[in-house]
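structure here, sequence nowhere to be found:
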């Protein structure tokens, strides 16, 4: 459990006097549009910290917390594709680089399947003194993260996966 919170604790310790917003129940959904079968999974246990003083942001989730409509899909996802026993977590460590009204652009390092790549994503950041709501949608290419799809199921899984983020964070003193 402590290992799971390390990136969040690092961000929290950056500036003791900053305004931080924290959540442990954010939601990330992924969707694979494919010719034979669409695949959707939801993870409602996403941890996040946003520091409004320096615009640093961290997300972290456990891969095996994704839930699928079909249990067999969940098993294949964890055992064959994301190998959650070897790569149990995914993280994003970045910064809001543009904030105009409630429109935001973030840039940072996304780690999936043991591979870390720099990404940029657009989204919405709704902020007040008590809370921050983060919404975003972007695509991830499986090959960028060394996730291989066997030829036998290549028409069931898209090469690019649509990621949706919806997280409400609360002010933390």
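On my side now, so go ahead. Note that the coordinates shown come from a computational prediction; the quantities given were computed from them, not determined experimentally. Numbers count the residues shown, from 1 in each chain.

the host helix or strand of residue 48 pairs with which strands, parallel or anti?
Secondary-structure assignment from DSSP states H and E places residue 48 in strand 39-51. The sheet places strand 39-51 alongside strand 20-32 (antiparallel), strand 56-62 (antiparallel), strand 67-68 (antiparallel), with pairing taken from DSSP bridges.

quick one: average confidence on it?
Model confidence over strand 39-51, given as mean pLDDT, is 97.

and stretch 114-130, which residues are buried?
Within stretch 114-130, the residues that qualify as buried are 119, 121, 123, 125, 127, counting by 16 or more other CB atoms under 10 Å. C-beta: built from backbone N, CA, C; applies to glycine.

to residue 142, which of the strands paired with strand 39-51 lies closest?
Taking CB to CB as the criterion, strand 20-32 is the member of the strands paired with strand 39-51 that comes nearest to residue 142, at 9.1 Å.

hey, where'd the helices end up in this structure?
Secondary structure of the chain (DSSP state H): helices located at 2-13, 71-76.

lowest-confidence stretch among those?
Among those, helix 2-13 carries the lowest mean pLDDT, a mean of 51.

just the residues contacting stretch 66-86, thanks.
Where contact means CB atoms under 8 Å, 6 or more residues apart in numbering, the residues beyond stretch 66-86 that reach it are 30, 39-44, 62-64, 112-114, 147-150, 157.

any idea how far residue 68 lies from residue 158?
As defined by CB to CB, to the nearest Å, residue 68 lies at a distance of 15 Å from residue 158.

of those two, who's got more company?
residue 158 (19 against 16; other CB atoms under 10 Å).

return the set of residues that bridge with the closest residue to the more buried one other than its chain neighbours.
In space, residue 158 comes closest to residue 32 once its chain neighbours are excluded; the distance is 4.3 Å by CB to CB, 6 or more residues apart in numbering. When bridges are called by DSSP bridges, residue 32 pairs up with residue 39.

list the buried ones in stretch 40-53?
40, 41, 42, 43, 45, 46, 47, 48, 49, 50, 51, 52.

tell me where the protein is predicted with low confidence.
Residues of the chain meeting the criterion pLDDT under 70: 1-18, 150-156.

what do you get if the cut-off is 80, keeping everything else the same?
1-18, 34-36, 149-157, 173 (pLDDT under 80).
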